[in-house]
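sequence and predicted structure below; questions after.
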Amino acid sequence: MKSLGSIRRDFAPWNDPNAKPYIQFDKVTKKFGDFTAVNNLSLTIFEREFFALLGASGCGKSTLLRMLAGFEEPSAGRILLDGQDLRGIPPYKRPVNMMFQSYALFPHMTVEKNIAFGLKQEGMPGADVEKRVAEMLKLVKLEQFAKRKPHQLSGGQRQRVALARSVAKRPKVLLLDEPLGALDKKLREETQFELMDLQQELGLTFVVVTHDQEEAMTMADRIAIMDKGEVMQVATPAEIYEAPASRFVAHFVGNVNMFEGKVAEHTTSTTRITGATGAQIVVDNGSNAAAGSDIVFAIRPEKIRVSSKKPADAVNALEGEIYDVAYLGDMTVYHIKLDDGQIVRASALNASRVTEDPLTWNDRAWVSFRPDAGVVLAR
Ligand code: ATP
């Protein structure tokens, strides 16, 4: 079965025309003075979705989250939650909670008191608070740390307390702004999986803001790529990576090779592209670009094969010279300087311990790829 869909196979409400949107940004604009931080943006998020807003610093993703939480109001447009317009509703009355980073914990309170704090403030009876706190401690696997204070915990444990505290009130939507920013790489990875498990277990809708593409790719059902206050593409991680809608998105996520060129001709099943420097490339998915139009052919490094001889069956093969080699253990990355001058990046998985076709600096080499290995981008 070929798929570019979601990881959770039975969860794809965005493909269901009858599915009811849960969170809707409807032509939302946010201006600070004469600076536009969010520009006429529309976006739909579904119940139980793990949704990521991904973009470079300053693209407006936190502003979007803060408007959903109620800390800011849109300058124009509407934000709806379960069909209700949120305008004018103060943050504490919205069924939305924001998870702050672990340094926002009360340092003088124990773990359990930190988790209980919001519940008590809400006036929940003592016995219920105790029960809920116990549930939360179990959920984040911190039962034996209940009596400790934040400074007696590791960074990851503190993060879990912050998480328990933010879901204790059972919000319908949890907003997370760079939730793992303070953790080191290994702990980040572990915590990403914990967050996903927790989201599944609680059946909540998560909206996470991150500038880390790997984090968004790992956790999210869908990702919105943002730039300068606008959404560039909303899609599953696999679609974003394999079928980016534009050069911007292709560049933003992962490594990519771009061949500038023109559509030379369409046949019934393939499109022939002439590269700006003469390379001929045949693809089987370029029919949406008009013949004669300027396009870019984008192809990921792992879809390119490098070999010392031209593969007999290759539809696309370009010749050049090995310019750089980096052995990374799990894979080897090659930079090949094609005879037309373009540098191509290719990566080969080191699936066995020895290589059949060793290539090194200045060797003549061929790069080859299948007609379905890349995408044609008109914009
Ligand atoms: P980062 O990853 O750096 O947090 P971001 O994508 O979350 O970036 P935002 O915090 O949403 O970015 O900010 C978007 C733009 O709006 C930035 O240029 C920022 O300087 C500006 N901005 C945000 N809040 C205010 C404010 N209260 N007053 C003026 N400008 C603001």
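Perfect, I can see it now. Numbers count the residues shown, from 1 in each chain.

with adjacent residues omitted, what lies nearest to the residue nearest to the spatial centre of the chain?
Taking CA atoms, centre = their mean, the centroid of the chain lies closest to A216, which sits 2.9 Å from it. The shortest distance from A216 to any non-neighbouring residue, by CB to CB, 6 or more residues apart in numbering, is to A52 (3.9 Å). From N, CA and C alone the C-beta is placed, and that goes for glycine too.

ok, back up a step: pull the helix or strand the residue nearest to the centre of the chain falls within out as CSV, backbone CA atoms only.
A216 is located in helix 213-219, with elements delineated by DSSP states H and E. Extracted in CSV, the C-alpha atoms of helix 213-219 (Å, rounded to 0.1, in the frame of the first residue of the first chain):
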residue,chain,number,x,y,z
GLN,A,213,11.2,20.6,12.4
GLU,A,214,12.2,17.2,13.8
GLU,A,215,10.1,17.8,16.8
ALA,A,216,7.1,18.8,14.7
MET,A,217,7.6,15.8,12.3
THR,A,218,7.8,13.4,15.2
MET,A,219,4.8,14.5,17.2
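
does that helix reach the ligand?
No - using CB under 6 Å from any ligand atom, we find that helix 213-219 stays clear of the ligand, coming within 12.6 Å at best.

next one: stretch 32-52
Yes - Stretch 32-52 is in contact with the ligand by CB under 6 Å from any ligand atom, via 32, 35, 37.

now, of the residues you listed, which are buried?
Buried subset of those (neighbour count, 16 or more other CB atoms under 10 Å): A37.

which of the residues of stretch 32-52 next to the ligand lies closest to Y323?
Y323 has its nearest neighbour among these in A37, at 41.8 Å by CB to CB.

can you list the residues of the stretch 51-200 of the chain near the ligand?
Residues of the stretch 51-200 of the chain lying near the ligand (CB under 6 Å from any ligand atom): 55, 57-63.

just to be careful, could you list which of the residues you listed are in strands?
G55 (DSSP state E).

picking up where we left off before, give me the contact list for the helix or strand that the helix holding A216 is followed by.
Per DSSP H and E, the first helix or strand lying C-terminal to helix 213-219 is strand 222-227. Applying CB atoms under 8 Å, 6 or more residues apart in numbering, the contact partners of strand 222-227 are 6, 14, 43, 49, 51-56, 59-61, 64, 216-217, 231-237, 240, 248-249, 252-253.

quick one, longest helix in this protein?
The residue-count maximum for a helix in the chain (DSSP state H) belongs to helix 185-202.

in it, which residues are buried?
The neighbour-count check on helix 185-202 (16+ other CB under 10 Å) flags 187-188, 191-192, 194-196, 198-199 as buried.

out of those, who's nearest the ligand?
Among the buried residues of helix 185-202, R188 lies closest to the ligand (CB to the nearest ligand atom), at 16.2 Å.

backbone dihedrals for the closest residue to the closest one other than its chain neighbours, please?
Using CB to CB, 6+ apart and skipping residues adjacent in sequence, the residue nearest R188 is L180, 4.6 Å away. Backbone dihedrals for L180, given as degrees, to the nearest 10, come out at phi -110, psi 10.

hmm, who's touching the lowest-mean-pLDDT helix or strand in the chain?
Ranked by mean pLDDT, DSSP states H and E, the weakest helix or strand in the chain is helix 185-202, scoring a mean of 85. For helix 185-202, the external contacting residues (CB under 8 Å, 6+ apart) are 50, 139-140, 155-156, 159-160, 163, 167, 170, 174, 176, 179-180, 183, 206, 215, 218-219.

take the residues you listed and keep only those in helices.
Residues of those located in helices (DSSP H): 139, 155-156, 159-160, 163, 167, 215, 218-219.

poorly predicted segments of this protein, please.
Scanning the chain for pLDDT under 70 picks out 1-7, 9, 101-103, 182.

do that again at 80, thanks
For the chain, the stretches with pLDDT under 80 are 1-10, 100-104, 181-184, 187, 276-278, 286-287.

how is it divided into domains?
For the chain, the domain assignment from automatic domain parsing gives the residue ranges 13-95+171-250, 255-377.

what residues are up against the residue of the stretch 151-300 of the chain found nearest the ligand?
At 5.1 Å from the ligand, H211 is the closest residue in the stretch 151-300 of the chain, using CB to the nearest ligand atom. Going by CB under 8 Å, 6+ apart, H211 touches 54-57, 61, 178.

which of those are buried? Put it as a PyMOL command.
Buried residues within the contacts of H211, by 16+ other CB under 10 Å, are selected in PyMOL with:
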select buried, resi 54+55+61
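
now the two most distant members of the contacts of H211.
So, those by CB to CB: farthest apart are A56 and E178, at 13.0 Å.

all strands of the stretch 251-379 of the chain, in order?
Per DSSP state E, counting those that start in this stretch, the stretch 251-379 of the chain carries strands over the ranges 257-266, 271-275, 280-283, 294-299, 305-307, 316-327, 331-338, 343-349, 364-369, 374-377.

thought M136 was touching S166?
No - taking CB atoms under 8 Å as the definition, M136 is not a contact partner of S166, at 9.9 Å.

returning to what we had before: mind giving me the packing neighbours of the helix holding A216?
Judged by 3 or more CB pairs under 8 Å, 6 or more residues apart in numbering; DSSP states H and E, helix 213-219 is in contact with strand 50-55, helix 185-202, strand 205-210, helix 237-242.

out of the buried residues of helix 185-202, who's nearest P74?
Nearest to P74 out of the buried residues of helix 185-202 is Q199 (CB to CB; 26.5 Å).

would you turn the helices and strands packed on helix 213-219 into CSV with distance to N257?
Formatted as CSV, the helices and strands packed on helix 213-219 follow (distance: least, CB to CB, whole Å):
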stretch, distance to N257
strand 50-55, 22
helix 185-202, 27
strand 205-210, 26
helix 237-242, 14
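
no further questions, thank you.
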